[in-house]
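[1] got a predicted model here, sequence first, then my questions.
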Amino acid sequence: MRISVIGTGYVGLVSGTCFAETGNTVICVDIDENKVARLSNKECTIYEPGLEALLVRNVDEERLSFTTDLKYAVANSDIIFLALPTPPGGDGSADLSYILGMADQLGHLIKEYKIIVDKSTVPVGTADKVREAIAKNATADFDVVSNPEFLREGVAVDDFMKPDRVVIGTSSERAIKVMERLYKPYVMSGNPLVFMDERSAELTKYAANSFLATKISFMNEIANLCNLTGANVDMVRRGMGSDERIGKRFLFAGIGYGGSCFPKDVQALEKTSKDYQYDFKILNAVMEVNARQRKIFFGDIKKKYKNDLKGKTVAVWGLAFKPNTDDIREAPALDIISNLLAEGCVVQAYDPEAMANVKKVFGDRVKFATGMYEALEDANFLIVATEWTVFRTPNFDNLLTKIKDKTIFDGRNIYEKDQMLELGFDYFSIGRP
């Protein structure tokens, strides 16, 4: 099938590359000439395990190409995916200017039947707005489909190639047949293609991410209660997670969720609720708990040092919002580093992939180490802010030698408390008294 993907950000690049991998001819479009040049030269512009190999193979086999020429891409595709940014506005609403601006352009360019697919995460009613914007200038038939993505950064290629489900929102029988044929190679194992109306599909994405964010915030509240009662959140998590009605995923206590999806989607769903005069109390609580969790964690650090952190050298392991990505959007580590700097600390940070992005935020105010142990040089204490695998089994003797105060603040509960105490660390974690 002939596909164009407009936007080569995270969703657009993964989607376009994976569509090409099953034999489709894919044209990815972006206005950034430098990015298009790099991608055309087989240089992957984001870090995502497994993506670069697919990109190189499909460019070499001429199934995947990149261009700044929107008119060319539209003329040479039957399905047009919109993978454009929808950043949150000041009131939490999703900014649709990129999508609606593109819809206006497409109206002038469509000369024969096309399927326009909203792949971006968009509020309820966006498909109607896109349809209206295209129809103002279109001279040919077209359908607008909502097809939200459910990609997890770090495992996005697997998620796309072997999805739990594919949600497709459309009322057009013609579009249903095409989308069913497009996605058939990805659901050969029997996972469902779920067809519904456009508005239900749009709300499904927000509902799914908001529910997962709710599980995280709920477990962090349980962890805080554990600290007060003497219970152990690890034991509680195992007891809860073994109930198949609840499930074991997203029940890990820590310093809160971040990334490009959960914060933005929870805010957008809450804003939609306000627009319809509905008080979505649970969502407000989810956001409040997530913000408070980072403050509680930093409060524990200040308490340990009697509110005097000035001049302390702090090692921070992990900067990305989660492992296996270089994405730092809404990453808890950013708030923690900002607080440390405000208290007069020297911050020495290490992350396997995200340091270049964080340097754009803090510049020379943070020292970036070339390795995890280099970050520990002269450090008074260590903060673990992202649960990268490489941090899980370090050389603890090395840590005892390098960390002056023998103190670790584990924001992701990646170490066993009893082991850390036996080794001689002053160890702080979440919900494990």
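    Alright, I've got the coordinates.
[2] now residue 365: how far from residue 371?
    Distance from residue 365 to residue 371, counting by C-beta to C-beta, to the nearest Å: 20 Å. Backbone N, C-alpha and C define where each C-beta goes, glycine included.
[3] number of nearby residues for residue 354?
    Residue 354 has 24 neighbours, counted by other C-beta atoms under 10 Å.
[4] which residues are in contact with it?
    Applying C-beta atoms under 8 Å, 6 or more residues apart in numbering to residue 354 gives the contacts 319-320, 325-328, 331.
[5] which one of those residues is nearest residue 229?
    Nearest to residue 229, judged by C-beta to C-beta, of these is residue 331 at 30.1 Å.
[6] run a quick neighbour tally on the closest residue in space to residue 394 that isn't next to it in sequence.
    If the residues on either side of it in the chain are set aside, residue 394 comes closest to residue 372, at 7.0 Å by C-beta to C-beta, 6 or more residues apart in numbering. Using other C-beta under 10 Å, the number of residues around residue 372 comes to 21.
[7] residue 372 against residue 392, yeah?
    No: the criterion here is C-beta atoms under 8 Å, and residue 372 misses it with residue 392 at 11.3 Å.
[8] quick check: chain neighbours aside, which residue is closest to residue 247?
    Residue 247 sits nearest to residue 241 (C-beta to C-beta, 6+ apart), 6.5 Å away.
[9] er, residue 377 actually
    residue 402 (6.5 Å).
[10] any idea how far residue 391 is from that neighbour?
    For residue 402, the distance to residue 391 - C-beta to C-beta - is 14 Å.
[11] equivalent analysis for residue 302, please.
    23 Å.
[12] and those two? Which one has more around it.
    Shown here are residue 302 and residue 391; by other C-beta under 10 Å, residue 391 has more neighbours (22 against 13).
[13] correct me, but that one touches residue 318?
    Yes: at 6.7 Å, residue 391 and residue 318 qualify as touching, with contact defined as C-beta under 8 Å.
[14] any residues in contact with both of those two?
    residue 384.
[15] and the lowest-mean-pLDDT helix or strand in the chain, what's buried?
    Across the helices and strands of the chain, mean confidence by mean pLDDT, DSSP states H and E is lowest for helix 262-275: a mean of 92. Under the neighbour-count criterion of 16 or more other C-beta atoms under 10 Å, helix 262-275 has 262-272 buried.
[16] what is that helix packed up against?
    Applying 3 or more C-beta pairs under 8 Å, 6 or more residues apart in numbering; DSSP states H and E, one finds that helix 262-275 makes contact with helix 198-229, helix 281-304.
[17] same list (those helices) but as CSV, adding distance to residue 126 and mean pLDDT.
    What follows is the helices and strands packed on helix 262-275, written out as CSV (distance: least, C-beta to C-beta, whole Å; pLDDT from 0 to 100):
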stretch, distance to residue 126, mean pLDDT
helix 198-229, 6, 95
helix 281-304, 19, 96
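[18] just say which of those is most tucked in.
    Highest mean neighbour count of these: helix 198-229, a mean of 19 (counted as mean count of other C-beta atoms under 10 Å).
[19] and the helix or strand just after that one, how far from the chain's centre?
    Of the helices and strands lying after helix 198-229 in sequence (DSSP states H and E), the nearest is helix 233-241. Distance, stretch centre to chain centre, for helix 233-241: 25 Å (C-alpha atoms, centre = their mean, to the nearest Å).
[20] and what of stretch 202-215?
    Centroid separation for stretch 202-215 versus its chain: 13 Å, with C-alpha atoms, centre = their mean.
[21] what does it rub up against?
    Contacts to stretch 202-215, defined as C-beta under 8 Å, 6+ apart, come from residues 118, 121-127, 146, 148-150, 167, 169, 196, 249-251, 257, 261-262, 265-266, 268-269, 272, 282-283, 286, 290.
[22] then stretch 24-44?
    Residues from elsewhere that reach stretch 24-44 (C-beta under 8 Å, 6+ apart): 1-8, 12-13, 16-17, 19-20, 45, 51-52, 55-56, 58-60, 63-70, 72-73, 76-77, 182.
[23] show me the shaky parts of the stretch 1-150 of the chain.
    The stretch 1-150 of the chain contains no residues with pLDDT under 70.
[24] can you give me the helices in it?
    10-21, 33-40, 51-60, 70-75, 97-109, 126-135 (DSSP state H, counting those that start in this stretch).
[25] return the most buried member of those.
    Neighbour counts (mean count of other C-beta under 10 Å) averaged over each of the helices of the stretch 1-150 of the chain peak at helix 10-21, with a mean of 26.
[26] got the angle for that helix vs helix 51-60?
    Calculated by axes from the mean of the first three to the mean of the last three C-alpha atoms, to 10 degrees, helix 10-21 forms an angle of 50 degrees with helix 51-60.
[27] how about the residue in this structure that sits furthest from its center?
    Relative to the centre of the chain, the most outlying C-alpha is that of residue 139, 37.9 Å out, by C-alpha atoms, centre = their mean.
[28] how far away is residue 170 from residue 431?
    Distance from residue 170 to residue 431, by C-beta to C-beta: 44 Å.
[29] so the nearest residue to residue 234 once chain neighbours are set aside is in which element?
    Nearest non-adjacent residue to residue 234, counting by C-beta to C-beta, 6+ apart: residue 432, 6.3 Å away. Residue 432 is part of no helix or strand, with elements assigned from DSSP H and E.
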